[in-house]
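Novice: for reference, the sequence and a predicted model appear below.
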Amino acid sequence: NVQFEIRAPLLHDMVRLNSRWYPHKPAVIDEQKTLSWSEIDANSNSVANGLIELGVNKGDCVAILMTNCVEYAEIMFGILKAGAVIVPLNLAVNRDGLTTMLIDALAKVIFFTPAQHLTLPDWQTDVNSLVASFTFGESSAASNRDYETWRDQLSNIDPMVEIADDDPCNIIYSSGTTGLPKGIKHIHRRRIQSMYELSLAHRYHFGVISICPIGLYSNIAWASLFCALIVGGTCVIQERFDPKIWIDTVKQYHVTHTMMVPLQFQKILEAENFAPYKVQSLQAIISGGSPLYADLKKTIAQQFGCAVIELYGLTEGFMTTLQPEEAEGRMASVGKPVRGHDYVIVDENDQELAWGNCGEICARSIHWMIEYHNRHDATREAMYVDKAGTLWLRTGDIGKVDEDGYLYIIDRKKDMILSGGQNIYPADIE
């Protein structure tokens, strides 16, 4: 047969394409510098070539323990271009937890910022799989190499490693301070698909300037960066969240989109320098990570003057959104599934419940994880198979659906209390 065959672009391919067609357009901005799409493409090529020289093979894990900066983004893209797996580490996890995660991932290389290197001073002896570490910024550690010196002496020609849709892309750890960590593993096709779906739900477009004040080890921060990548936009990366600085930055760069947790929006509204005219460039915001209560949602909509979208989602792979056009009369809802997603509600005996009842949310998603890394037990526990043989992901969250199909989150399943034969949730007690 004579046919046109093509593999749809993956995240790292989008970096190449943006570099080709929009070479001078700003890709990422932090407090120190701005990188255009051509610059971040070249820098990430150097990172990829350097990793390959160090013996990092396709499927090997490369860890990042850094504060937010544009270098974080170029390192992530470089890891992907080398065919390796990104392992972003939560800055709040202690030394024992970090060591456990690195050992579990068999990480080959780790990138630090100076303060974070102090968290793992003995990485050479604690994690046998590591062959090299690099620090971006001043570091006195003899065991560490300077990141920029290393990167700048490498070729910035794309290594063009062949990467398949079902090759692993990332492992994001959800826990690990105590007990066994749960590494959520995604493959390339599903990871970029999640960004396509979220870009649509968040109303991204070519002129987007997003702001990311959340650590790039988190899924919600990845959404800010990768959704901008998908549309060829720009992402402003903040080292840390400071409400006053956030407000000034939004005004300075005419930021159009942001994704944050409800507490951050609350802090911004309470900041002494907040004024609606300073955030008038915002077009759409997403709140996720925890419930956005109705009063706060109304206040944000009034003061920000833009689309307020509530997101319910799991790093494992599932999303619902409540769009502003459908929020009237159901402000406490988290909406309906985004395109390509579905869910059911089941009781304690795994019987599917009709709308109006409370039960565990079990989801299907076109971009869910493939597994918890090295945790077959946890992967099996997260599976629910219905009577028709269809596989669903157990979310561990208790939800209720109204007569129009809108989802309401009640509580975590593990927090449920059985009293007098009835299920009671902490939210009901409060």
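Specialist: Looks like it arrived, so ask away. Residues are numbered from 1 along each chain as shown.
Novice: neighbours of residue 329, how many?
Specialist: Other residues within reach of residue 329 by the criterion other C-beta atoms under 10 Å amount to 8. Just so you know, the C-beta spots here come from the backbone N, C-alpha and C atoms, and that holds for glycine as well.
Novice: look at it and tell me its secondary structure.
Specialist: Under DSSP: H, G, I helix; E, B strand; the rest coil, the three-state class of residue 329 is coil.
Novice: what about it, distance to residue 401?
Specialist: According to C-beta to C-beta, to the nearest Å, residue 329 stands 15 Å off from residue 401.
Novice: please apply the same query to residue 195.
Specialist: In terms of C-beta to C-beta, residue 195 sits 27 Å off from residue 401.
Novice: bridged to residue 336, which residues?
Specialist: residue 321 (DSSP bridges).
Novice: who touches residue 190 in this structure?
Specialist: With contact taken as C-beta atoms under 8 Å, 6 or more residues apart in numbering, residue 190 is in contact with 169, 317, 366-370.
Novice: how far off centre is whichever strand or helix holds it?
Specialist: Element membership for residue 190 (DSSP states H and E) is helix 188-201. On the basis of C-alpha atoms, centre = their mean, to the nearest Å, helix 188-201 sits 11 Å off its chain's mean C-alpha point.
Novice: C-alpha coordinates for the following helix or strand past that helix, PDB please?
Specialist: Next along the chain after helix 188-201, taking DSSP H and E as the criterion, comes strand 209-212. Listed in PDB are the C-alpha atoms of strand 209-212, where the atom choice follows Å, rounded to 0.1, in the frame of the first residue of the first chain:
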ATOM      1  CA  ILE A 209       0.900  34.400  28.400                       C
ATOM      2  CA  SER A 210       0.500  32.100  31.400                       C
ATOM      3  CA  ILE A 211       2.000  32.500  34.800                       C
ATOM      4  CA  CYS A 212       3.300  29.600  36.900                       C
END
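Novice: so residue 272, which of the three states?
Specialist: Classified using three-state DSSP, residue 272 is coil.
Novice: ok, it touching residue 247?
Specialist: No: contact criterion C-beta atoms under 8 Å: residue 272 and residue 247 do not qualify, at 9.8 Å.
Novice: who has more neighbours out of the two?
Specialist: residue 247 (18 against 7).
Novice: contacting residues for that one?
Specialist: By C-beta under 8 Å, 6+ apart, the residues touching residue 247 are 268, 271, 273-274, 278-279.
Novice: now, the most widely separated pair of the contacts of residue 190?
Specialist: 169 and 366 (14.9 Å; C-beta to C-beta).
Novice: just the helices in the protein please.
Specialist: Secondary structure of the chain (DSSP state H): helices located at 11-21, 37-53, 70-81, 95-105, 114-117, 123-126, 147-152, 188-201, 219-231, 243-253, 262-270, 294-304, 376-381, 426-429.
Novice: winner for burial among those?
Specialist: With neighbours defined as mean count of other C-beta atoms under 10 Å, these peak in mean count at helix 70-81, which reaches a mean of 26.
Novice: let me see the mean pLDDT of that helix.
Specialist: Per-region confidence: helix 70-81 scores 98 on mean pLDDT.
Novice: from the contact counts, what lies against that helix?
Specialist: With contacts defined as 3 or more C-beta pairs under 8 Å, 6 or more residues apart in numbering; DSSP states H and E, helix 70-81 has these neighbours: helix 11-21, strand 26-29, strand 34-36, helix 37-53, strand 61-65, strand 85-88, strand 234-237.
Novice: for the record, mean pLDDT for the fourth one?
Specialist: Helix 37-53 carries an average pLDDT of 98.
Novice: quick one: residues in contact with it.
Specialist: 12, 15-16, 18-19, 22-28, 35, 62, 70, 73-75, 77-79, 81-82, 84, 109, 150-152, 154-159, 161, 232.
Novice: hmm, 7 Å instead?
Specialist: 15-16, 18-19, 22-25, 27-28, 62, 73-75, 77-79, 81-82, 84, 109, 150-151, 154-159 (C-beta atoms under 7 Å, 6 or more residues apart in numbering).
Novice: how about the first one?
Specialist: The contact list for helix 11-21, computed with C-beta under 7 Å, 6+ apart, reads 9, 27, 37-38, 40-41, 44, 77, 80-81, 158, 191-192, 226, 229-230, 232.
Novice: what about the longest strand in the protein?
Specialist: strand 391-401 (DSSP state E).
Novice: that older thread, neighbour-wise, which of the contacts of residue 247 leads?
Specialist: Busiest of the contacts of residue 247 [other C-beta under 10 Å] is residue 268, holding 24 neighbours.
Novice: from residue 303, how far off is the closest residue to it other than its chain neighbours?
Specialist: Spatially, and ignoring its direct neighbours in sequence, residue 268 is nearest to residue 243 (4.6 Å; C-beta to C-beta, 6 or more residues apart in numbering). Applying C-beta to C-beta, the value for residue 243 to residue 303 is 13 Å.
Novice: pLDDT below threshold where in this protein?
Specialist: 139-143, 175-179, 413-430 (pLDDT under 70).
Novice: chain center to stretch 370-386, what's the gap?
Specialist: Distance, centroid of stretch 370-386 to centroid of chain: 20 Å (C-alpha atoms, centre = their mean).
Novice: gap between the two ends of it?
Specialist: In stretch 370-386, first residue to last residue: 19 Å (C-alpha to C-alpha, to the nearest Å).
Novice: same check, this time on stretch 322-340
Specialist: Taking C-alpha to C-alpha as the measure, stretch 322-340 stretches 16 Å from start to finish.
Novice: start the count at 17, not 1, going forward
Specialist: Okay, residue one is now 17; in that scheme the one you just asked about reads as stretch 338-356.
Novice: relative to the whole chain's centre, how far out is it?
Specialist: The gap between where stretch 338-356 is centred and where its chain is centred comes out at 21 Å by C-alpha atoms, centre = their mean.
Novice: equivalent analysis for stretch 314-328, please.
Specialist: 21 Å.
Novice: please save the CA atoms from it in CSV.
Specialist: The C-alpha trace of stretch 314-328 is given here as CSV (Å, rounded to 0.1, in the frame of the first residue of the first chain):
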residue,chain,number,x,y,z
LYS,A,314,-17.9,34.5,43.2
THR,A,315,-15.4,37.0,44.6
ILE,A,316,-12.7,35.9,42.1
ALA,A,317,-15.1,36.3,39.2
GLN,A,318,-16.1,39.8,40.3
GLN,A,319,-12.7,41.1,41.2
PHE,A,320,-10.7,39.4,38.3
GLY,A,321,-13.3,40.0,35.7
CYS,A,322,-12.4,36.9,33.7
ALA,A,323,-13.6,33.3,33.1
VAL,A,324,-13.2,31.3,36.4
ILE,A,325,-13.0,27.6,35.7
GLU,A,326,-12.9,25.0,38.5
LEU,A,327,-10.9,21.8,37.8
TYR,A,328,-11.2,18.5,39.6
